[in-house]
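Asks: this one's structure only:
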């Protein structure tokens, strides 16, 4: 039965239907009883038979039910992807756990913007983690914000550490180095499969003394 097949139904408002749902306890009725029930409701008469119960929810005959299980799978997946990214960053760059590469990165992981001198695969990411840990034993990454959409997770971060070892040919002298940046990760099946990034490489080189700092005006 369609809405157009019931004379007078077009005059009903959403409030009319809602009041009927709230006022009457649902009772079973056949589809052929629906038109008469709607005519009664349109005429202002009470019509308890307008309601039936389907799968434990009230249902107005002639309307497709919008009730059902909450649609939370997508949101749950996005939240899980965000947790995967934060756990990976914390493990590799804050705690220095190089095995995080094996746990969180897919075997066919591709780094589209690898640091200079390392490869675009999982081993390249492991080498980058080792490089920072060797030069800055207390290196840690602080999350600025995290945004998830579909398979993508965007992370804005500020990382810092005290230079104790050699980095890019610069001997450690106890200076504090700060690196800011944005990472974009694609997560699929609980593993990170791709990464894009924009880091303040110039700022890092200046702090290491490899690039002159512009004189202030």
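Replies: Great, that's in hand. Quick caveat: nothing in here was measured; it's all calculated off a predicted structure.
Asks: from here on, contacts and neighbour counts on C-alpha atoms
Replies: Noted.
Asks: need phi/psi at residue 158.
Replies: phi -130, psi 120 (degrees, to the nearest 10).
Asks: begin at 3 from here
Replies: Sure thing, new numbering starts at 3, so read that last one as residue 160.
Asks: what bridges to it?
Replies: Partner residues in beta bridges with residue 160, using DSSP bridges, are residue 144, residue 182.
Asks: how far away is it from residue 199?
Replies: The gap separating residue 160 from residue 199 is 13 Å, by CA to CA, to the nearest Å.
Asks: mind listing the shared neighbours of the two?
Replies: Common contact partners of residue 160 and residue 199 (CA atoms under 8 Å, 6 or more residues apart in numbering): residue 183.
Asks: so which bits of stretch 161-174 are buried?
Replies: Of the residues in stretch 161-174, 161, 162, 163, 164, 165, 166, 167 count as buried by neighbour count, 16 or more other CA atoms under 10 Å.
Asks: what's the closest of the residues you listed to residue 81?
Replies: Set against residue 81, the nearest of these by CA to CA is residue 161 (23.0 Å).
Asks: can I assume residue 198 sits in a strand?
Replies: Yes: assessed with DSSP: H, G, I helix; E, B strand; the rest coil, residue 198 lies in a strand.
Asks: could you count how many residues lie near residue 150?
Replies: Residue 150: 19 surrounding residues under other CA atoms under 10 Å.
Asks: model confidence over stretch 132-140, on average?
Replies: Mean pLDDT, computed over stretch 132-140, is 96.
Asks: revised request: answer the last question for stretch 189-205.
Replies: What stretch 189-205 shows for mean pLDDT is 97.
Asks: residue 159 and residue 214, how far apart?
Replies: Between residue 159 and residue 214 the computed distance is 25 Å (CA to CA).
Asks: the more surrounded of those two?
Replies: residue 159 (18 against 11).
Asks: which of the buried residues of stretch 161-174 fall within strands?
Replies: In strands, defined here by DSSP state E, the members of these are 161, 162, 163, 164.
Asks: which residues touch the residue lying closest to the third one once chain neighbours are set aside?
Replies: So that's residue 163. Nearest non-adjacent residue to residue 163, counting by CA to CA, 6 or more residues apart in numbering: residue 141, 4.2 Å away. Going by CA under 8 Å, 6+ apart, residue 141 touches 95, 96, 134, 135, 161, 162, 163, 164.
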